[in-house]
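**Student:** predicted structure and sequence below. I'll ask about it afterward.
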Amino acid sequence: MDNVFVIDGNGERRAEIGHVLMEGGGHAEPFETIDEFLAFGSNEGTALVSDEDGAAIRLCEKMRDKPRLVPVVGYALSPDIGQVVAAMQAGAVSYLGWPFTRTTLTEELARIAPMVKRTLAEQRRRAHASALLAGLTAREREVLVSLTTLGTNKAIAKELDISPRTVEKYRATILVRLGVENSAQAIRVAVEGGALQAAQLVGSSSASTGRVAVGDVIG
């Protein structure tokens, strides 16, 4: 079992959950508050948070602005369905009723492990793409976004009021800065990094507006 960050203002319950985790061969890092946890440096593990007064939601919201990629599992004494749904919609990967046994916790962590792995891989791709995009100038980002919606140098040049030759130079620079081989890969970085919505690249509007999908852009 991986590290589990136990966030609970109740010291007795925190200790009890830590004991449950140790019995299962895991390791618990106890924290009294969300802020205390966020100040902690480790990036590896799962955050198990007592969902008092919407703590699971608050943690998920705060984690969105953090480079740490830690899945959140909420728990509460006799939680109602609305509480569970709200936490899951905010980004929690699971929710447990307290008290829970070692078997219940171990089985739930094992159940969500594949999904968590996929989610974290996607988040890491997005974080990496975002970091790459941050290395572009404002003008280079404009060219990249225009590339996804317009496709051709001529159309981009007209949109940005620059020459097609200048567009070509920008495109070449963008490929180097992003560390990709072609425009399709550059667009992928733009999508994963949040420079635009993926919906701009697909759908029936492509034919009527001249917009292009990722797979349609070459070199």
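**Tutor:** Thanks, I have the structure now. Numbers count the residues shown, from 1 in each chain.
**Student:** residues contacting the residue nearest to the spatial centre of the chain?
**Tutor:** Centroid-nearest residue in the chain, with Cα atoms, centre = their mean: residue 123, separated by 3.5 Å. Residues in contact with residue 123 (Cβ atoms under 8 Å, 6 or more residues apart in numbering) are residue 69. In this view, the C-beta of every residue, glycine as well, is placed from N, C-alpha and C.
**Student:** what distance do you get for it to residue 99?
**Tutor:** Counting by Cβ to Cβ, to the nearest Å, the gap from residue 123 to residue 99 is 31 Å.
**Student:** mind giving me the domain split of this protein?
**Tutor:** 3-120, 135-216 (automatic domain parsing).
**Student:** worst mean pLDDT among those domains?
**Tutor:** Per-stretch mean pLDDT for the domains of the chain is lowest at domain 135-216 (a mean of 79).
**Student:** and of the domains of the chain, who's closest to residue 127?
**Tutor:** Proximity to residue 127 (Cβ to Cβ) singles out domain 3-120 among these, at 6.5 Å.
**Student:** just the endpoints, please. Distance across the closest one?
**Tutor:** 15 Å (Cα to Cα, to the nearest Å).
**Student:** grab the longest helix from this structure for me.
**Tutor:** helix 102-134 (DSSP state H).
**Student:** between helix 102-134 and the helix or strand following it, find me the angle.
**Tutor:** For helix 102-134, the succeeding helix or strand toward the C-terminus, using DSSP states H and E, is helix 138-150. On the basis of axes from the mean of the first three to the mean of the last three Cα atoms, to 10 degrees, helix 138-150 is oriented at 110 degrees to helix 102-134.
**Student:** phi, psi for residue 135 please.
**Tutor:** phi -80, psi -10 (degrees, to the nearest 10).
**Student:** touching, it and residue 177? I think so.
**Tutor:** Yes - under the criterion of Cβ atoms under 8 Å, residue 135 makes contact with residue 177 at 5.4 Å.
**Student:** these two: which is more packed in?
**Tutor:** Neighbours were counted for residue 135 and for residue 177 using other Cβ atoms under 10 Å; residue 177 has more, 17 against 10.
**Student:** and for the helix or strand where that one lies, what's in contact with it?
**Tutor:** Secondary structure from DSSP H and E places residue 177 in helix 164-178. Residues outside helix 164-178 that contact it (Cβ under 8 Å, 6+ apart): 132-133, 135-136, 139-140, 143-144, 147, 153-154, 156-157, 160, 181-183, 185-186, 189.
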